[in-house]
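just a sequence and a predicted model for now, questions to come.
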Number of protein chains: 2
Amino acid sequence: MSTALAPLPESSTAHLVADRIREAIWQGTLRPGDRLVETDLAERFEISRGPVREAIRLLAPEGLIVLRRNRGAVVADPTFDDVLEVYAARMTLGELALATVARRGVDRATFDEVTSLLDRLRDPIVQADPVSMLEADLAFQDALMRLSDLPRIAAMLENSGRDAASFVRLLGITYESTDHDALIARHERTLAAIAATNPAEAVTAWQDHIRSTVAEFARGYREVGAFSVDQHPLFAYLLSSPRQEES
Amino acid sequence: MSTALAPLPESSTAHLVADRIREAIWQGTLRPGDRLVETDLAERFEISRGPVREAIRLLAPEGLIVLRRNRGAVVADPTFDDVLEVYAARMTLGELALATVARRGVDRATFDEVTSLLDRLRDPIVQADPVSMLEADLAFQDALMRLSDLPRIAAMLENSGRDAASFVRLLGITYESTDHDALIARHERTLAAIAATNPAEAVTAWQDHIRSTVAEFARGYREVGAFSVDQHPLFAYLLSSPRQEES
DNA sequence: AAATCGTAGATTGTCAACAATCTGTGCGCA
DNA sequence: TGCGCACAGATTGTTGACAATCTACGATTT
């Protein structure tokens, strides 16, 4: 109900195209280093170059594609460093958002709405498809962060979530092996902390979540090929430092 | 020397226009609520609507202007909440960047380069002009954050710096009363911590810097008109919580 | 053989005209 | 008076053509 009456989605042509490009990258149709030629894309989508150009400019600041002056755009070729950086930003901004939520508290209705998004993650049909699972997970986390009433920070987190997913995909790491129950349990822990207006616990739960996720990816990355991930400064920062938040 | 051979600046027409618009907002030529009509701006700059449109799209995600579907863009009308949010993001991202710098250490040449940027802040001519002072300050902080080798996070910090400055300006707060010596001393403290590869101290110094800045603005805001800033959740978060960083 | 120069093709950057959409005003009607 | 509706003007969204720029490749020179 309340989601039905929410503001209409940003469905400009440029946004639609941007979503399609993101999807193509996700699916592997577009691979790292591939050029994004405005003319070609315009032809494929059967529109003019204007909106395509705008879509590319929309994607660029997220880091998914790289823009070079007068030379067009190419799909980014991320390293594991990039994934770590995005998750580090995600961790620290999430801490801020959740600490704010938990400190201020939220009204019952809004809280229930977010809780209901968690149900989708429990749906066996959703769990069967990695892509659906990822989307449901991101939708939940987005809603969670929006509780903070910090629109800028919530927006940064939304972008970083999409980026992180695509980066991981571009690196050739599969997301399928994730333990669904553990994921849901971590999210429940965060929600409980918010309900109890316990900022420190909310932050800790979030840190755990990011750490688990990064650890998962690091495992996948070591399998794929991979470098000495473990002594990376950010990796240390992310994994081994249960930082303290005041309550 | 090393700055002379650095990559060329992003000087596309759209970027130039975006800078001009930012400048106009800063100078007060464009005021909160003013509409940014593509046709008008194109005429003023004597170019077509294309680059103007692109410039507006460039400014929008930074929060300086608000975009409404099919209804164009207007200059944002920020509240002090917005300023706090931007500074909160700036504090937490800066902590991450500086902790990384201080943990990894930097080579002498790069460090000296950043140090030299601090000299500009000491120049009496620069100090005499608030705008120059602000620009020099931002340039220093940008360079400082770029030491982290975390390009995404450094970029977020750059944007937030420009935003914060414009927001403060839009709120009608003057920046002139800042104590220059104290500002420089805080920056020196951060640099010293980096040189000593002491992450905890670098983070603390940065927190102090943000706190001083926010406190300054809060004072100005109370003078201008203003609400009960002091019991804002983020204000509490920013000012009264010397959070702990591990070393 | 190596390096430089110049040209052709491809691609992005810019433009001005057209189409779609929105805002506000004034009229008719209860 | 208050409400709904239609229309005109203004403004954004989209398009296809043109200009500027870059890349690649081969000719020319040393």
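Ah, there it is.

so what does A:Ser160 look like in phi/psi?
phi -60, psi -30 (degrees, to the nearest 10).

was I right to think it contacts A:Arg90?
Yes: assessed by C-beta atoms under 8 Å, A:Ser160 is found in contact with A:Arg90 at 4.7 Å. Yep, even glycine has a C-beta here, placed from its N, CA and C like the rest.

would you map the helices across chain A?
Applying DSSP state H to chain A gives helices spanning A:13-27, A:38-45, A:49-59, A:80-104, A:108-122, A:124-128, A:130-146, A:151-170, A:180-195, A:199-224, A:233-239.

what pLDDT, on average, does the fourth one get?
Here helix A:80-104 scores 92 as its mean pLDDT.

quick one: is it near chain B?
Yes: interface with chain B: helix A:80-104 contributes A:82, A:85-86, A:88-89, A:92-93, A:95-96, A:99-100, A:103-104 (C-beta under 8 Å from any C-beta of the partner chain).

what's the nearest residue to the spatially most central residue of chain A if we skip its chain neighbours?
In chain A, the residue lying closest to the centroid (C-alpha atoms, centre = their mean) is A:Gly161, at 1.2 Å. For A:Gly161, ignoring the flanking residues on the chain, the nearest one in space by C-beta to C-beta, 6 or more residues apart in numbering or on different chains is A:Leu138 at 4.9 Å.

that neighbour against A:Ala165, yeah?
Yes: with contacts counted by C-beta under 8 Å, A:Leu138 reaches A:Ala165, the gap being 7.0 Å.

which of the two has more neighbours?
With neighbours defined as other C-beta atoms under 10 Å in any protein chain shown, A:Leu138 and A:Ala165 compare such that A:Ala165 has more, 19 against 16.

in chain A, what residue comes closest to DNA strand D?
Closest approach between chain A and DNA strand D, counting by C-beta to the nearest atom of the strand: A:Gly50, at 2.4 Å.

close to DNA strand D: what parts of chain A are there?
Within reach of DNA strand D by C-beta under 7 Å from any atom of the strand, chain A has these residues: A:12-14, A:47-51, A:54, A:68-71.

at 6 Å what do you get?
Counting by C-beta under 6 Å from any atom of the strand, the positions of chain A adjacent to DNA strand D are A:12-14, A:47-51, A:70-71.

returning to that earlier point: show me the contacts for the residue nearest to A:Gly161.
A:Leu138 sits next to A:161-162, A:165 when contact means C-beta atoms under 8 Å, 6 or more residues apart in numbering or on different chains.

care to break chain A down by domain?
The record assigns chain A these domain ranges, following automatic domain parsing: A:13-75, A:80-239.

including distance to DNA strand C, could those domains go into CSV?
Shown next, in CSV, are those (distance: least, C-beta to the nearest atom of the strand, whole Å):
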stretch, distance to DNA strand C
domain A:13-75, 3
domain A:80-239, 20
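
pick the most buried one from the ones you listed.
Comparing the domains of chain A by mean neighbour count (mean count of other C-beta atoms under 10 Å in any protein chain shown), domain A:80-239 comes out on top with a mean of 18.

surely A:Leu147 touches A:Val101?
Yes: with contact defined as C-beta under 8 Å, A:Leu147 and A:Val101 form a contacting pair (4.7 Å).

overlap in contacts, these two.
Contacts common to A:Leu147 and A:Val101, judged by C-beta under 8 Å, 6+ apart, are A:Ile194.

from A:Leu117, how far out is the residue nearest to A:Ile194 when sequence neighbours are not counted?
Nearest-residue entry for A:Ile194: A:Ala102, 5.0 Å, with adjacent residues in sequence omitted and distances by C-beta to C-beta, 6+ apart. Per C-beta to C-beta, to the nearest Å, A:Ala102 is found 18 Å from A:Leu117.

now do the same contact list for A:Ile21.
By C-beta under 8 Å, 6+ apart, the neighbours of A:Ile21 are A:30, A:36, A:41, A:55-56, A:59, A:65.

now pLDDT too, for these, in TSV please.
Shown next, in TSV, are these (pLDDT from 0 to 100):
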residue	pLDDT
A:Leu30	92
A:Leu36	96
A:Leu41	95
A:Ala55	95
A:Ile56	95
A:Leu59	92
A:Ile65	92
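
these: which two are farthest apart?
Spatial extent of these (C-beta to C-beta) is set by the pair A:Leu30 and A:Ala55 at 12.9 Å.

got any ranges where chain A has weak pLDDT?
A:1-10, A:174-177, A:222-231, A:233, A:235-247 (pLDDT under 70).

could you redo the last one with a cut-off of 80?
A:1-11, A:172-178, A:219-247 (pLDDT under 80).

about what we covered before: closest to chain B among the residues of chain A next to DNA strand D?
A:Ser12 (6.7 Å; C-beta to the nearest C-beta).

so the closest one is in contact with B:Arg57, correct?
No: under the criterion of C-beta under 8 Å, A:Ser12 is not in contact with B:Arg57, lying 10.6 Å apart.

dump the residue contacts of the nearest residue to A:Thr115 once chain neighbours are set aside.
Using C-beta to C-beta, 6+ apart and skipping the chain neighbours, the partner closest in space to A:Thr115 is A:Leu191 (6.3 Å). Contact partners of A:Leu191, counting by C-beta under 8 Å, 6+ apart, are A:111, A:114-115, A:118, A:144.
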